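Chemist: test case, fold it:
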Amino acid sequence: METKFNQYDLSLEKEIENTKHLTPFLILMESFEEKKDKIKKWLENAKAFKDFNLFFEKANQEMSQLYNKNFKLEYYSTYLDNQNKTCFAPSVYETEKKYIENRLFELRKDRDELIIQTRVALEEQGLDFDEFLKIRKLEEKKLSMKTLKKMGSMMDLIRQIKSYLLVLGIDFNNFINLKGKPLIEITYNEFSVMKQTLEQKVAEVTTQKMEEPSEDVAGPKMS
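Modeler: Predicted coordinates for the structure are as follows:
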């Protein structure tokens, strides 16, 4: 029995010690079956506590790494406090686990949809999603929402760069070739610098055109 208690960080000796303050009459009033049921309940609660701690740690790790969020520890602190390991029934932990699982399900669905959107965005720019990840030493199963959104922003930068080059009459492929590396290897920061530089150049050209004097159109000659 002591081994069973130790399995859940409990002590049979300590529980026996706690009963010493009871009067002999009260001890006799509590039947053997009642004691056995109480011990069984403690062990069940302790196991549920341990299982929930492991579950919460794994769930919170997923929240942090993939969704850049965290479950509020202050809300779960009571259920995670080692002093309360025999206080709550398994059903209490199951209720909390259900909420967490539902929340993770919604986030996983959002992430799956964002992966599809990002794949399409890359393909529209002639880039292979899997090759894009391989070059950057990334794995699809470990892509966070933050990383996926940044990849989407990179594709937005490419679209903006193309629009600016069109205004300037410069071919996109020739422009990228001047950078000395394939489009798929260019980083977010490099795209950002290109976009800012071209944006400034387009603004200068536009201002220059606006400042150029317009030609007067001669009217009919007076006889």
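Chemist: would you map the helices across the protein?
Modeler: Secondary structure of the chain (DSSP state H): helices located at 2-7, 12-18, 24-29, 32-67, 73-80, 90-124, 129-135, 145-168, 172-177, 188-211.
Chemist: and these as JSON lines, adding mean neighbour count?
Modeler: In this view, the C-beta of every residue, glycine as well, is placed from N, C-alpha and C. As requested, those are exported to JSON lines (neighbours: other C-beta atoms under 10 Å):
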{"stretch": "helix 2-7", "mean neighbour count": "12"}
{"stretch": "helix 12-18", "mean neighbour count": "11"}
{"stretch": "helix 24-29", "mean neighbour count": "9"}
{"stretch": "helix 32-67", "mean neighbour count": "15"}
{"stretch": "helix 73-80", "mean neighbour count": "12"}
{"stretch": "helix 90-124", "mean neighbour count": "14"}
{"stretch": "helix 129-135", "mean neighbour count": "14"}
{"stretch": "helix 145-168", "mean neighbour count": "16"}
{"stretch": "helix 172-177", "mean neighbour count": "13"}
{"stretch": "helix 188-211", "mean neighbour count": "13"}
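Chemist: need those helices in TSV with mean pLDDT, can you?
Modeler: Listed next are the helices of the chain as TSV, based on pLDDT from 0 to 100:
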stretch	mean pLDDT
helix 2-7	55
helix 12-18	52
helix 24-29	51
helix 32-67	90
helix 73-80	90
helix 90-124	97
helix 129-135	97
helix 145-168	97
helix 172-177	95
helix 188-211	91
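Chemist: list the contacts of Phe49.
Modeler: Phe49 makes contact with Tyr8, Tyr79, Asn84, Lys85, Thr86, Phe88, Tyr93, according to C-beta atoms under 8 Å, 6 or more residues apart in numbering.
Chemist: narrow those residues to just the buried residues.
Modeler: Neighbour counting with 16 or more other C-beta atoms under 10 Å marks Tyr8, Tyr79, Lys85, Thr86, Phe88, Tyr93 as buried within those.
Chemist: and for the residue sitting nearest the centre point of the chain, nearest residue in space, chain neighbours not counted?
Modeler: Geometric centre of the chain, nearest residue: Tyr67, 1.1 Å, by C-alpha atoms, centre = their mean. Spatial nearest neighbour of Tyr67, chain neighbours left out: Leu107 (4.9 Å); criterion: C-beta to C-beta, 6 or more residues apart in numbering.
Chemist: repeat that for Thr147.
Modeler: Per C-beta to C-beta, 6+ apart, closest to Thr147 is Leu138, 7.1 Å.
Chemist: let me know the pLDDT of the one you found.
Modeler: Listed pLDDT for Leu138 reads 97.
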